[in-house]
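> Got a sequence here, can you model it:
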Amino acid sequence: MSNSFLEAIKSRRSIYALDKNVSLSQDEIEEIVKEAIKHSPSSFNSQTSRAVLLFGENHDKLWNIVEDTLRAIVPAENFASTEGKIASFRAGYGTVLFFEDTDVIKGYQKDFTLYAENFPIWSEQATGIAQHSVWVALADAGIGASLQHYNPLIDDAVKAEWNLPESWNLRAQMPFGNIASEPGEKEFMADEERFRVFK
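Okay, the predicted model is just below:
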(Lines give C-alpha, C1' and ligand atoms only; values in the text may rest on other atoms or scores of the structure.)
Protein backbone atom coordinates (compact mmCIF):
# COMPACT_ATOMS: atom_id res chain seq x y z
CA MET A 1 0.00 0.00 0.00
CA SER A 2 1.35 3.40 -1.01
CA ASN A 3 0.34 6.43 1.03
CA SER A 4 2.24 9.69 0.61
CA PHE A 5 1.06 11.02 3.98
CA LEU A 6 2.34 7.95 5.82
CA GLU A 7 5.61 8.19 3.91
CA ALA A 8 5.94 11.81 5.03
CA ILE A 9 5.31 10.79 8.65
CA LYS A 10 7.95 8.07 8.37
CA SER A 11 10.47 10.63 7.10
CA ARG A 12 10.14 12.67 10.30
CA ARG A 13 12.99 11.86 12.66
CA SER A 14 14.83 13.61 15.48
CA ILE A 15 17.77 15.14 13.64
CA TYR A 16 20.55 16.47 15.86
CA ALA A 17 23.29 16.90 13.25
CA LEU A 18 22.18 20.14 11.62
CA ASP A 19 23.84 22.86 9.59
CA LYS A 20 22.74 26.06 7.85
CA ASN A 21 22.97 24.83 4.24
CA VAL A 22 19.24 24.64 3.54
CA SER A 23 17.97 24.88 -0.03
CA LEU A 24 14.72 26.69 0.83
CA SER A 25 14.41 30.43 1.40
CA GLN A 26 13.30 31.88 4.72
CA ASP A 27 10.02 32.88 3.07
CA GLU A 28 9.41 29.30 1.91
CA ILE A 29 10.11 27.94 5.38
CA GLU A 30 7.83 30.58 6.89
CA GLU A 31 5.05 29.48 4.55
CA ILE A 32 5.50 25.82 5.51
CA VAL A 33 5.30 26.61 9.23
CA LYS A 34 2.29 28.89 8.86
CA GLU A 35 0.32 26.49 6.67
CA ALA A 36 1.11 23.48 8.85
CA ILE A 37 -0.13 25.22 12.00
CA LYS A 38 -3.08 26.91 10.31
CA HIS A 39 -4.44 23.56 9.13
CA SER A 40 -3.79 21.66 12.36
CA PRO A 41 -7.00 20.83 14.23
CA SER A 42 -7.94 22.16 17.66
CA SER A 43 -10.96 21.55 19.88
CA PHE A 44 -13.89 23.87 19.08
CA ASN A 45 -11.62 25.23 16.33
CA SER A 46 -10.16 27.30 19.15
CA GLN A 47 -6.85 27.87 17.29
CA THR A 48 -4.89 28.26 20.52
CA SER A 49 -1.49 27.54 18.97
CA ARG A 50 0.98 30.36 18.35
CA ALA A 51 4.46 30.25 16.83
CA VAL A 52 7.56 32.40 16.67
CA LEU A 53 10.01 31.69 13.86
CA LEU A 54 13.63 32.66 14.49
CA PHE A 55 16.35 33.01 11.84
CA GLY A 56 19.90 34.33 11.86
CA GLU A 57 20.95 36.28 14.94
CA ASN A 58 17.57 35.69 16.56
CA HIS A 59 18.01 31.91 16.25
CA ASP A 60 21.49 32.17 17.79
CA LYS A 61 20.17 34.44 20.52
CA LEU A 62 17.63 31.84 21.62
CA TRP A 63 20.27 29.17 22.10
CA ASN A 64 22.50 31.68 23.90
CA ILE A 65 19.59 32.25 26.31
CA VAL A 66 19.24 28.50 26.81
CA GLU A 67 22.98 28.08 27.37
CA ASP A 68 23.23 30.98 29.83
CA THR A 69 20.16 29.75 31.74
CA LEU A 70 21.47 26.20 32.05
CA ARG A 71 25.02 27.30 32.88
CA ALA A 72 23.61 28.97 35.99
CA ILE A 73 22.05 25.74 37.27
CA VAL A 74 24.07 22.82 35.85
CA PRO A 75 27.24 21.94 37.80
CA ALA A 76 30.34 23.07 35.90
CA GLU A 77 31.80 19.57 35.81
CA ASN A 78 28.66 18.31 34.01
CA PHE A 79 28.20 21.22 31.61
CA ALA A 80 30.34 20.06 28.67
CA SER A 81 27.72 17.64 27.31
CA THR A 82 24.96 20.23 27.77
CA GLU A 83 27.06 22.85 25.98
CA GLY A 84 27.68 20.44 23.09
CA LYS A 85 23.99 19.67 22.71
CA ILE A 86 23.08 23.37 22.66
CA ALA A 87 25.83 24.02 20.10
CA SER A 88 24.25 21.39 17.84
CA PHE A 89 20.93 23.25 17.98
CA ARG A 90 22.63 26.60 17.35
CA ALA A 91 24.35 25.06 14.30
CA GLY A 92 20.92 24.76 12.64
CA TYR A 93 19.34 27.29 10.33
CA GLY A 94 16.46 28.41 12.54
CA THR A 95 14.08 27.58 15.36
CA VAL A 96 10.32 27.41 15.72
CA LEU A 97 8.99 28.32 19.16
CA PHE A 98 5.57 26.83 19.93
CA PHE A 99 3.18 28.57 22.32
CA GLU A 100 -0.39 28.18 23.51
CA ASP A 101 -2.46 31.33 24.15
CA THR A 102 -3.86 31.04 27.67
CA ASP A 103 -6.24 34.00 27.15
CA VAL A 104 -8.01 32.03 24.42
CA ILE A 105 -8.17 28.96 26.65
CA LYS A 106 -9.65 30.99 29.51
CA GLY A 107 -12.21 32.52 27.16
CA TYR A 108 -13.44 29.09 26.09
CA GLN A 109 -13.53 27.96 29.72
CA LYS A 110 -15.78 30.93 30.50
CA ASP A 111 -18.03 30.42 27.47
CA PHE A 112 -18.31 26.63 27.78
CA THR A 113 -18.28 26.00 31.52
CA LEU A 114 -19.40 22.39 31.14
CA TYR A 115 -16.05 21.61 29.47
CA ALA A 116 -13.93 24.13 31.39
CA GLU A 117 -11.51 21.65 32.90
CA ASN A 118 -10.90 20.04 29.52
CA PHE A 119 -9.72 23.10 27.59
CA PRO A 120 -6.17 23.09 29.04
CA ILE A 121 -5.92 19.38 28.14
CA TRP A 122 -7.24 20.03 24.64
CA SER A 123 -4.75 22.88 24.31
CA GLU A 124 -1.89 20.48 25.00
CA GLN A 125 -3.29 18.17 22.36
CA ALA A 126 -3.54 21.08 19.91
CA THR A 127 0.08 22.10 20.40
CA GLY A 128 1.21 18.51 20.01
CA ILE A 129 -0.64 18.24 16.72
CA ALA A 130 0.76 21.60 15.54
CA GLN A 131 4.30 20.55 16.46
CA HIS A 132 3.94 17.25 14.64
CA SER A 133 2.43 18.94 11.59
CA VAL A 134 5.33 21.39 11.32
CA TRP A 135 7.88 18.63 11.93
CA VAL A 136 6.43 16.40 9.21
CA ALA A 137 6.06 19.30 6.77
CA LEU A 138 9.69 20.31 7.29
CA ALA A 139 10.84 16.70 6.90
CA ASP A 140 8.82 16.38 3.71
CA ALA A 141 10.68 19.45 2.40
CA GLY A 142 14.03 17.84 3.23
CA ILE A 143 14.68 19.84 6.39
CA GLY A 144 15.75 18.11 9.60
CA ALA A 145 14.51 19.09 13.06
CA SER A 146 14.13 17.93 16.64
CA LEU A 147 11.79 18.92 19.45
CA GLN A 148 13.21 20.40 22.66
CA HIS A 149 11.64 21.46 25.95
CA TYR A 150 13.67 24.04 27.88
CA ASN A 151 10.48 25.66 29.09
CA PRO A 152 9.66 26.87 31.70
CA LEU A 153 13.29 27.70 32.50
CA ILE A 154 13.62 30.13 29.59
CA ASP A 155 10.04 31.44 29.42
CA ASP A 156 10.57 34.87 30.97
CA ALA A 157 13.76 35.59 29.05
CA VAL A 158 12.15 34.57 25.74
CA LYS A 159 9.09 36.73 26.30
CA ALA A 160 11.25 39.70 27.27
CA GLU A 161 13.67 39.32 24.35
CA TRP A 162 10.99 39.20 21.66
CA ASN A 163 8.32 41.26 23.45
CA LEU A 164 5.74 38.46 23.36
CA PRO A 165 2.29 38.59 24.97
CA GLU A 166 2.15 37.48 28.59
CA SER A 167 -0.65 35.06 27.69
CA TRP A 168 1.60 33.07 25.34
CA ASN A 169 2.73 29.94 27.17
CA LEU A 170 5.91 28.40 25.72
CA ARG A 171 5.49 24.67 25.08
CA ALA A 172 8.43 23.59 22.88
CA GLN A 173 11.38 24.64 20.76
CA MET A 174 12.16 23.11 17.35
CA PRO A 175 15.66 23.77 15.96
CA PHE A 176 15.84 22.93 12.26
CA GLY A 177 18.28 22.98 9.38
CA ASN A 178 20.00 20.97 6.72
CA ILE A 179 20.51 17.31 7.65
CA ALA A 180 24.28 17.07 8.11
CA SER A 181 24.16 13.42 9.16
CA GLU A 182 21.36 10.88 8.86
CA PRO A 183 20.01 9.36 12.09
CA GLY A 184 20.47 5.70 12.94
CA GLU A 185 17.86 3.02 12.43
CA LYS A 186 14.76 3.54 14.54
CA GLU A 187 13.58 0.70 16.75
CA PHE A 188 9.93 -0.11 17.34
CA MET A 189 8.27 -2.25 19.97
CA ALA A 190 6.19 -5.16 18.74
CA ASP A 191 2.77 -4.23 17.36
CA GLU A 192 1.20 -6.77 19.72
CA GLU A 193 2.32 -4.69 22.69
CA ARG A 194 0.78 -1.45 21.39
CA PHE A 195 -2.37 -2.31 19.52
CA ARG A 196 -5.62 -4.21 19.99
CA VAL A 197 -7.74 -4.87 16.90
CA PHE A 198 -11.23 -6.40 17.04
CA LYS A 199 -12.83 -7.45 13.77
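> Low-confidence ranges, this structure, go.
Applying pLDDT under 70 to the chain flags residues 1-2.
> Longest strand in it, by number of residues?
Longest strand of the chain, by residue count under DSSP state E: strand 168-179.
> For the residue nearest the centre of the chain, which residues are in contact?
Nearest to the geometric centre of the chain sits M174, at 4.0 Å (C-alpha atoms, centre = their mean). M174 is in contact with T95, V96, L97, F98, Q131, V134, W135, A145, S146, L147, Q148, counting by C-beta atoms under 8 Å, 6 or more residues apart in numbering. Bear in mind the C-beta positions are built from the backbone N, C-alpha and C, glycine included.
> redo that, cut-off 7 Å
M174 is in contact with T95, V96, F98, Q131, V134, W135, A145, L147, counting by C-beta atoms under 7 Å, 6 or more residues apart in numbering.
> Quick check: closest non-adjacent residue to A17.
Closest residue in space to A17, ignoring its immediate chain neighbours: S181 at 3.6 Å, by C-beta to C-beta, 6 or more residues apart in numbering.
> Tell me, how many residues neighbour that neighbour?
Per other C-beta atoms under 10 Å, the neighbour tally for S181 reads 11.
> That one and G92: what is the separation?
Distance from S181 to G92, counting by C-beta to C-beta, to the nearest Å: 13 Å.
> Narrow the contacts of M174 to those in helices?
Q131, V134, W135 (DSSP state H).
> measure H59 to N45 for me?
From H59 to N45 the distance is 31 Å (C-beta to C-beta).
> Kindly report the same for R171.
To N45, R171 is 19 Å away according to C-beta to C-beta.
> If you count surrounding residues, which of the two has more?
Neighbours were tallied for R171 and for N45 using other C-beta under 10 Å; the higher tally belongs to R171 (22 against 6).
> Tell me which residues touch D60, please.
R90.
> going on from the helix or strand that it is a member of, what's the next piece of helix or strand?
Using DSSP states H and E, the secondary-structure element containing D60 is helix 56-71. Sequence order places helix 79-90 as the next helix or strand after helix 56-71, per DSSP H and E.
> tell me which residues of that next one are tucked away?
Using 16 or more other C-beta atoms under 10 Å as the test for burial, helix 79-90 gives K85, I86, S88, F89, R90.
> by how many degrees do that helix and strand 168-179 diverge?
80 degrees (axes from the mean of the first three to the mean of the last three C-alpha atoms, to 10 degrees).
> helices and strands around helix 79-90, which ones?
Here helix 79-90 touches helix 56-71, going by 3 or more C-beta pairs under 7 Å, 6 or more residues apart in numbering; DSSP states H and E.
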